[in-house]
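Visitor: Here is a sequence together with a model predicted from it:
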Amino acid sequence: MAEGVLRHIKNEKLWVDKYENIKSKLEDLEVLYEFAHEGEATEEEVDESYYKVLKQLDDMEFLRMLGHEEDRLGALMQINPGAGGTESQDWAEMIMRMYIRYGELNNFKINVVDKLDGEGAGIKSVTLEFEGDFAFGFLKSENGVHRLVRLSPFDSANRRHTSFASVYVYPIVDDSIEIDVNPADIRWDTFRSSGPGGQHVNKTESAVRLHHEPSGIVVECQEDRSQLKNRVTAIKMLKSRLYELELRKKQEARQEIEKSKLKIEWGSQIRSYVMHPYKMVKDHRTNYETSNVQSVMDGNLDEFIKAYLLAASENINN
């Protein structure tokens, strides 16, 4: 009971802060409007201030769709290349950069928790941590397979290739959520980090691998030079995975509705990024698309995420 109250208070404070911020901006806009009538401010300045307030109101209204308990949490994102060797590994690294840029644009704190580089180029896997309000609520829309069509830079004949990479996002549990983990159920392995040679992090077995026997979950962490800190992070990752499993059990009916209507089951192709013979990014769940591929790869994903959440909200309400 107390746990639920704490969550409610935290969410209330978030909404109050947003309300007070918008109220202050509206008051500033009124003053600026009066200045413009007196010739002390330009029409352009008033318009700029007006559209900023309008965007804040729109964003606040949009946040109302993130009403599930887990939406407010931070997020862990796993990215893995599909079959295809260097091609898919390079695509996985491109996706990693895209989500890091998205996080930076939206003021999330991003940590690379675990990363395994490819042999020639790209990455074999990566786990990213996004810290900030509603990180999971927004990024949950990215679950699934992402498809790339381009002229391959690794093909001497410059032929067109199709590559795939999978994205899996789950919420990070915080201090208000209690997940009991029995230390006796955990088996630990230590190993050297797989980063570039010569760094201190590779000279000691600071990286850790956690095996949780009851669930079969395995997590790895080589974020820090300290084995102790990596163990703490690995436990946090385990708790997040266990919380996500519990959410699946409790919300099975809701997830089935979303899967059947939006086809977001694991392994499905949710979005295509076409760079040849034309330029287009298209989400196959919502049909939202844009020809500005570079903007998307630079992390401008807001419109895709909004389209998904709007469609999910409408389908659940119908």
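Guide: Structure received.
Visitor: Now stretch 225-243: buried residues?
Guide: Of the residues in stretch 225-243, 225, 227, 230-231, 233-243 count as buried by neighbour count, 16 or more other CB atoms under 10 Å. (Each C-beta comes from the backbone N, C-alpha and C, glycine too.)
Visitor: How about stretch 87-103?
Guide: Quick answer for stretch 87-103 (16+ other CB under 10 Å): 87-96, 98-103.
Visitor: ok, so of the buried residues of stretch 225-243, who is nearest Ile305?
Guide: Taking CB to CB as the measure, Ile305 sits nearest to Ser240 out of the buried residues of stretch 225-243, at 20.6 Å.
Visitor: For stretch 31-41, C-alpha coordinates in CSV please.
Guide: C-alpha atoms of stretch 31-41 as CSV (Å, rounded to 0.1, in the frame of the first residue of the first chain):
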residue,chain,number,x,y,z
VAL,A,31,3.9,40.2,-20.7
LEU,A,32,5.7,39.8,-24.0
TYR,A,33,2.4,40.4,-25.8
GLU,A,34,1.9,43.7,-23.9
PHE,A,35,5.5,44.7,-24.8
ALA,A,36,4.8,44.0,-28.4
HIS,A,37,1.7,46.4,-28.3
GLU,A,38,4.0,49.0,-26.9
GLY,A,39,6.6,48.5,-29.6
GLU,A,40,9.1,47.0,-27.1
ALA,A,41,9.0,43.5,-28.6
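Visitor: where does that stretch sit relative to the chain's centre, distance-wise?
Guide: 42 Å (CA atoms, centre = their mean, to the nearest Å).
Visitor: contacts for that stretch?
Guide: For stretch 31-41, contacts defined as CB atoms under 8 Å, 6 or more residues apart in numbering pick out 42-43, 45-46, 49.
Visitor: Tabulate those residues in JSON lines, adding columns for neighbour count.
Guide: Below are the contacts of stretch 31-41 laid out as JSON lines (neighbours: other CB atoms under 10 Å):
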{"residue": "Thr42", "neighbour count": "12"}
{"residue": "Glu43", "neighbour count": "8"}
{"residue": "Glu45", "neighbour count": "14"}
{"residue": "Val46", "neighbour count": "17"}
{"residue": "Ser49", "neighbour count": "20"}
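Visitor: What is the nearest of the residues you listed to Phe136?
Guide: After measuring the contacts of stretch 31-41 against Phe136 - CB to CB - the closest member comes out as Ser49, at 32.1 Å.
Visitor: give me every residue that touches Leu66.
Guide: 72, 134, 137-138, 309.
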